[in-house]
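can't give you the sequence, but here's the structure:
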């Protein structure tokens, strides 16, 4: 609580006369105050009072000093209002002032650079893992990071004193990594065409690796020191670059000069890489009679918290496509397999369908392989994964050969009747 003390300061001694051009003597330090609560003032004289204030609490204090004036035959009262303010350098911690966006509650996979009130944490949300950080040029200046990976924090001086604040991370920016399973459910079993048998797809394996102990930092700051005048606001740029799948938690520490209590802002991000799951990686058709066709549908389900792209390798499409004629002037060989579509865009949690149709054009077995390549939406990381899909089918034909009686022993000299001879019948 606030605490004040009242002191009396004796009047200073008279200053000696100084001749013109002479240096004035050095001023003597003021006398030490003495505690006193009662004074006798001769006529036309005064006394100086000093009030000292000390407080263990931050905030304003108002107090009234009351004086009683005693005269001969009369008494009067005088009141002196004393006000004081105890403060220390500080910055605003209100999330509405520090962060651009604030939400009450939201799924972690759907948050995008917002302060979540329910978890009391600023969350970047899902970010592309292993995205390269900007590299400084020859002059040592780094280009700005990707807009999804950086955000400004508004640092405001809400104290009456100028201050300097130092920024750091509780874990040196390396954060605490928590493995997370792949989001969204795997695709259902293989969808078969008419006349085909259903074959259940094996559930995809869940990969939850742990982060190496010597891994580098995930969170970064453009600057680590900031000087602010009273009521001044500056932006502190915070960026995050996760290096693997999973949740990363960290604390931004703000150390203010002449303030023993640092300010902490919990922050987090989720690393996500392109990943899909197929309803089947082996498409098997039943034996088909020539001239017929059968279709099976392979479902491609997104298992990433970010958009991604998939496509079939062009060489595989060329291998199952229309082939040139085997003889000059002949008709081209029509494809045994057709696939639609051959590429596509997958939003988080979306499921795409790829139809594979087998055309029985020539008798015999037909085995092919389609390789599906997975990339991020902007193809920054190149091909992240390749999933093979084996195609197996067989076409057959029905041929009939008629052999007449005696045909095997017939000669040109002794031909046989090519037909059925029932002989003579009595009418």
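On my side now, so go ahead. Predicted model only: the values in this text are computed from it and were never measured.

which residue ranges form the strands in the stretch 301-427 of the chain?
Taking DSSP state E, counting those that start in this stretch as the criterion, the stretch 301-427 of the chain contains strands spanning 308-312, 337-340, 343-346, 351-359, 364-376, 383-396.

can I get these in JSON lines with mean neighbour count and mean pLDDT?
In short, each C-beta sits where N, CA and C put it, glycine included. Shown next, in JSON lines, are the strands of the stretch 301-427 of the chain (neighbours: other Cβ atoms under 10 Å; pLDDT from 0 to 100):
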{"stretch": "strand 308-312", "mean neighbour count": "20", "mean pLDDT": "96"}
{"stretch": "strand 337-340", "mean neighbour count": "17", "mean pLDDT": "93"}
{"stretch": "strand 343-346", "mean neighbour count": "16", "mean pLDDT": "95"}
{"stretch": "strand 351-359", "mean neighbour count": "19", "mean pLDDT": "93"}
{"stretch": "strand 364-376", "mean neighbour count": "17", "mean pLDDT": "94"}
{"stretch": "strand 383-396", "mean neighbour count": "16", "mean pLDDT": "94"}
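
output the ones you listed in a markdown table; the columns should cover distance to residue 408.
A markdown table is the format used below for the strands of the stretch 301-427 of the chain (distance: least, Cβ to Cβ, whole Å):
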| stretch | distance to residue 408 |
| --- | --- |
| strand 308-312 | 54 |
| strand 337-340 | 43 |
| strand 343-346 | 59 |
| strand 351-359 | 39 |
| strand 364-376 | 30 |
| strand 383-396 | 27 |
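
who wins for proximity to residue 46 among those strands?
strand 364-376 (82.0 Å; Cβ to Cβ).

by how many degrees do the closest one and strand 351-359 diverge?
Here the directions of strand 364-376 and strand 351-359 differ by 160 degrees (axes from the mean of the first three to the mean of the last three Cα atoms, to 10 degrees).

what segments of the protein are helices?
Assigned by DSSP state H, the chain shows helices spanning 95-98, 314-320.

may I see the buried residues of the last one?
Residues of helix 314-320 classed as buried: 316, 317, 320 (neighbour count, 16 or more other Cβ atoms under 10 Å).

now it: how far from the chain's centre is it?
Offset of helix 314-320 from its chain centre (Cα atoms, centre = their mean, to the nearest Å): 36 Å.

give me the helices and strands touching that helix, please.
Packing contacts for helix 314-320, counted by 3 or more Cβ pairs under 8 Å, 6 or more residues apart in numbering; DSSP states H and E, involve strand 337-340, strand 364-376.

same list (those) but as CSV, adding distance to residue 218.
CSV is the format used below for the helices and strands packed on helix 314-320 (distance: least, Cβ to Cβ, whole Å):
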stretch, distance to residue 218
strand 337-340, 40
strand 364-376, 18
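
which of those strands sits closest to residue 160?
Among these, strand 364-376 comes nearest to residue 160, with 49.7 Å by Cβ to Cβ.

and the closest one, what does it pack against?
The contact analysis (3+ Cβ pairs under 8 Å, 6+ apart) places strand 364-376 against strand 276-278, strand 308-312, helix 314-320, strand 337-340, strand 383-396.

in its sheet, what does the second one sit against?
Strand partners for strand 308-312, identified by DSSP bridges, are recorded as strand 343-346 (antiparallel), strand 364-376 (antiparallel).

those into JSON lines, with extra columns for distance to residue 167?
Shown next, in JSON lines, are the strands paired with strand 308-312 (distance: least, Cβ to Cβ, whole Å):
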{"stretch": "strand 343-346", "distance to residue 167": "38"}
{"stretch": "strand 364-376", "distance to residue 167": "31"}
